[in-house]
Each structure stands twice: as structure tokens, then as C-alpha cells.
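Peer 1: requesting a structural model of the entry that follows:
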Amino acid sequence: MLLSCKTDDESTQVYNYSYSKIISNLDQRISCVCFVNEQVGFTATANSQSMYKTIDGGKSWLLVNVNECPINTIFFINENVGFAAGGVSGSNIGSAFPGSMIYKTTDGGESWQKQRISTNYSEQFSLYFVNDSVGFTVGLGYQAKTTNGGKSWIPFEFNYSGQMTKILFTDSNTGFAVGLFGNIFKSTDQGSIWNKMENKSIGHIYDLCFANKKIGYACGQGEIVKTIDGGNTWTTLTNSPSEMYFIHFVDENSGIAIGRGHYTGGDFGIWTNAIYKTTDGGETWQMEDNVDFGAVASFPTLEIGYSIVPNSTVKIEFKKY
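Peer 2: Sure thing, here's the model as predicted:
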């Protein structure tokens, strides 16, 4: 006989999210954010080449670096060791800076060492480290792997030369990378070989997450897609929202996606920001429209995350009910 410590009430509980605003001194739009824990976080601004750090949960931000290129992604292995990457794309070919750049800090952002990894006009959009030594970066037509903690980077290729937007690993060997035109690649040997996976949607993919090693979700231009077989096949969730830029699941059933809400109409209309939640594994979604926080977010724990907007840090919390 199998015994469970859960009561009937506990087994039927689901997660709900809430959020609260924290007034901050950072008055700029951001391109990326990475919180190491609930107090320490890093962000890069969208309209400049500056990086900032907070040690009080987003209430105050201190300038820690002015980079030679725009930063699109930040990843910290621990509170001291972190990486930031970006670059200049072909559309900015007249820029004084050609190619992709990676920055590394070993003192919690006090100082940063730079390394150009590509002399082509390219950008990096996502970093991920499996451990202290092995890490990956993907971007616009260029991706690379390090096995020595970022001292050197070796290029590798997918069977696709366009923009890749996100890379992550579910364990030390199994990794996924996604990009435009519905491309999803999987590796089972720590990034030595990448195979293209079956995906029913051809919409651009901007973000993905895994609730466990079998169940994962990816969002982007089209409807959200889901895998239940460890990322080998992906099916479209027909009732899900489109034009989503961030997705996070706290377990295999409960999650949120952040992106577009509705168009306000008229010659000078805008798209509102919205957050969508599901508690049934993506079968149905509920929208909260006109939310005043951005689609760029970071979850240092499973249940607590942060989004940054001008003059505010938004704290997102999941709790069972």
C-alpha cells in the first residue's frame, strides 16, 4: 500500500499568484533581469549600456558597470559569480562595436572582465550555466560553449542559422534551446549534439520553462506549446494566449504567462500588458489585463519572482489556496 502525508484538501490545492509594487530609484526601461535570491538582483537597461545591482529586493539600485555593448541576458551561478552578454546586430552595422561580448564577475558585480566571443555583427540573448565550469550562450546566428568557467568559448551550431532566444538545462546533460520560426532543439549529452524536436507551431518562441523533466511549456508569437515527454514532441495549447514573452510554472499545472493584452484602438493606440494564469496545465487561461509591469521577469525561487519597470520593482508570489 502507498501512503501519503497529504490530506484530501491538500491534494486538491492549486497555486494562485499575487503581486505587489516596491518603489525604486531605477527610472529606466530594462532589457533583462536576474535575481540571485530574494534580496540580490541584477538588471541591464534597454536604452543605455548600464548594469545595476540591488541588495534589498529591488528597492534601490546601484550602477555596477557601463558596458561597451547593449546587454540582453544576465546569469549568476551564485551571489558572486555571474555573466552578462549582448552585442550589436547587423541592423546596427555602423556601430563602433562589432560582434558579441560576454562579461564575467567573480565579486558580486563589483568588477567585470570582458571577452569578445564573435567578430561578426551578432547579439547574444540567453546564457545558462550547468555548473561552475560548463556554460552556454545563444543568440543571432552565433552560439558558444565554455568548459572552463568562461575563460574561453567554443562556437557550436544548430541546424538553423537564425536567432535563438533562450537556452536552459533540466539536468547536467539535458538541455533545450528555442528560437524563431518554432525552432526547438534538444541535447542529451551536455550540448555536444543538438537535435531539432517536433513542434506543431511555427510561431517565434521567446521563452520556455520546465515544471519537471517531462512537462515543459514554451511561449511566443503563437499559442503556447507544451511537452509531456521530456521535450521530444510539442503540441499547441489551443486555448492559450499568443504574443507572450515570459512563462513560469510553479508545478506541472499552475503557471503564468506575461505578454500582450488588448489593443486600445485608434491611430495612437497601444497594446496593454497582461498576465495569464492556468491551474489545469494550460487547458484554460484567465487574463488579468492592464497590469503595470513588464514581461521581463526573474524567479530566484520557484514561488517568488521579480519584474522591473521604471521607478518600481514588482514582486510576484505564488501561494497555494
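
Peer 1: skipping its backbone neighbours, what lies nearest Glu123 in space?
Peer 2: Excluding the flanking residues, the one nearest Glu123 by CB to CB, 6 or more residues apart in numbering is Gly87, at 4.0 Å. The way it works is simple: take the backbone N, C-alpha and C, and place the C-beta from them, glycine included.

Peer 1: I'd like to know which elements the helix or strand harbouring Lys53 is packed against.
Peer 2: Assigned by DSSP states H and E, Lys53 belongs to strand 50-54. Applying 3 or more CB pairs under 8 Å, 6 or more residues apart in numbering; DSSP states H and E, one finds that strand 50-54 contacts strand 41-45, strand 62-66.

Peer 1: most packed of those strands?
Peer 2: strand 41-45 (a mean of 25; mean count of other CB atoms under 10 Å).

Peer 1: partner strands of that one and their direction?
Peer 2: strand 30-35 (antiparallel), strand 50-54 (antiparallel) (DSSP bridges).

Peer 1: rewinding a little: contacts only, for the residue nearest to Glu123.
Peer 2: 69-70, 72, 97, 99-101, 118, 121-124, 139-140 (CB atoms under 8 Å, 6 or more residues apart in numbering).

Peer 1: let's go with 6 Å and repeat that
Peer 2: Contact analysis of Gly87 by CB atoms under 6 Å, 6 or more residues apart in numbering lists Cys69, Ser100, Met101, Ser122, Glu123, Gln124.

Peer 1: could you single out the nearest of these to Tyr160?
Peer 2: Lowest distance from Tyr160 to those (CB to CB) belongs to Ser122, with 14.4 Å.

Peer 1: A helix includes the closest one, no?
Peer 2: No - applying DSSP: H, G, I helix; E, B strand; the rest coil, one finds Ser122 to be coil, outside a helix.

Peer 1: does it really touch Thr137, like I thought?
Peer 2: No - using CB atoms under 6 Å, Ser122 makes no contact with Thr137, being 10.6 Å away.

Peer 1: settle it for me: which of these two has more neighbours?
Peer 2: A count of neighbours by other CB atoms under 10 Å puts Thr137 above the other of Ser122 and Thr137, at 28 against 21.

Peer 1: which helix or which strand is home to the more buried one?
Peer 2: Element membership for Thr137, per DSSP H and E: strand 135-139.

Peer 1: chain center to the next helix or strand after that strand: distance?
Peer 2: Moving toward the C-terminus from strand 135-139, the first helix or strand encountered (DSSP H and E) is strand 143-146. With CA atoms, centre = their mean, to the nearest Å as the basis, strand 143-146 stands 18 Å off its chain's centre.

Peer 1: quick check, central residue of this structure?
Peer 2: What sits nearest the mean C-alpha location of the chain, by CA atoms, centre = their mean, is Asp207, with 5.8 Å.
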